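In: Sequence and computational prediction follow.
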Amino acid sequence: MLAQRPRIQRRAVHGVLLLDKPIGLSSNDALQKAKRLYRAEKAGHTGTLDPLATGLLPLCFGAATKFSQISLDADKRYLATLKLGVTTTTADAEGEVVEAREVNATRAQVEAACAQFTGLIHQVPPMYSALKRDGKALYEYARAGIQVEREARSVTIYGINITGGEHDTWTLDVRCSKGTYIRTLAEDIGRLLGCGAHLSALRRTGSGALTLAGALTLEALAEMTEPERDDALQPADTLLADWPVVRLCTEDADRFLTGVRRRTPLPDAAHVRVYGPEARAFLGGAHITAGELISTRLLSPLEVQGLLVQDTNPKEVKAATP
């Protein structure tokens, strides 16, 4: 009879982990491994990163999970490696080769092709993607040999810079809006060059204001003690770091946490982060309209207290005022 694995004693953990996801793991696989290491009660990631991609995957724990959508909606940055002359069934290195062509493109021609895809563009989502249709991911249809009609979507490419490469292999620094399919971008660039292309490697380097600076691998986390892992977490309000700060007295803070609107002399603001009188008493997100502070996403009193107890060595978050 096989011995049962010891049951993990879960605990309340609050904060954001900047994970450097390895190749071969899905975002959810990486999340579950990190959640197990932290023994966290509650955790979530901030947007899917393909198994073949590496790089920045912010993971939210506890109170921070309430703000994961902010990172999901944020602009992204990638290092993308283009392989010219070869097209595949999936537009990346995982697929089967569809066609191979001779490559005669120069660096100047690659740069010119990239320039054609900057600004507001329209992309047709690839069949090998997690986008759902009638409750099923598109890749499930693709694996069954079924093609599904997809509508083009508007995305914005803020810039594409060549960081290295030659002949048939080029590395691009891509800054783009959420929802951009880099595999599709690689395929479209290859089509414009007349030789075809696929994405041979992808590394996410940024999500909003977050970067790989300070990001940790799963291996590094596994070698840490639990206090060291806790210390590696960014504050739960990290994802709101560029929002203006509003600080409330104890009475107003207590009422704000119940959802009651508070009068304020501050000017209108689409987003603010709200704190109680204690330096790190983060209460949640709100907006200011016509002299009223109106909550949009609140922490529970238990979560607020948990942050104060956990944050014995507080990390600074950039402050501002409306």
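Out: Yes, it's here.
In: From here on, just use CA atoms for contacts and neighbour counts.
Out: Fine.
In: Measure how buried Ile8 is and give me the count.
Out: For Ile8, the neighbour count with other C-alpha atoms under 10 Å is 10.
In: show me the contacts for it.
Out: Arg36, Arg39 (C-alpha atoms under 8 Å, 6 or more residues apart in numbering).
In: Now with 7 Å, please.
Out: Listed by C-alpha atoms under 7 Å, 6 or more residues apart in numbering, the contact set of Ile8 reads Arg39.
In: Can you tell me how far it is from Gln310?
Out: As judged by C-alpha to C-alpha, to the nearest Å, Ile8 and Gln310 stand 20 Å apart.
In: Can you give me the neighbour number for the closest residue to Leu248 other than its chain neighbours?
Out: Nearest residue to Leu248 in three dimensions, chain neighbours excluded: Gly276, at 4.9 Å (C-alpha to C-alpha, 6 or more residues apart in numbering). Applying other C-alpha under 10 Å, we find 22 residues neighbouring Gly276.
In: Please, where are all the helices along the stretch 1-150 of the chain?
Out: 27-38, 68-72, 107-115, 138-143 (DSSP state H, counting those that start in this stretch).
In: ugh, wrong one, I meant the stretch 151-300 of the chain
Out: Using DSSP H, counting those that start in this stretch, the helices found in the stretch 151-300 of the chain span residues 182-193, 218-223, 226-232, 250-256.
In: Number of residues surrounding Glu219?
Out: For Glu219, using other C-alpha under 10 Å, the count is 9.
In: Next, work out how far apart it and Pro22 are.
Out: 10 Å.
In: just Glu187 next, same as before
Out: 24 Å.
In: Next: Thr156.
Out: Using C-alpha to C-alpha, Thr156 is found at 27 Å from Pro22.
In: Which pLDDT value belongs to Pro267?
Out: Note on Pro267: pLDDT of 95.
In: Who are the packing partners of the longest strand seen in the chain?
Out: Longest strand in the chain by number of residues (criterion: DSSP state E): strand 153-166. Strand 153-166 sits against strand 119-123, strand 169-176, with contacts defined as 3 or more C-alpha pairs under 7 Å, 6 or more residues apart in numbering; DSSP states H and E.
In: correct me, but Ala43 touches Pro58?
Out: No: the criterion here is C-alpha atoms under 7 Å, and Ala43 misses it with Pro58 at 10.8 Å.
In: in the longest strand of the chain, what counts as buried?
Out: Val155, Thr156, Ile157, Tyr158, Gly159, Ile160, Ile162 (16 or more other C-alpha atoms under 10 Å).
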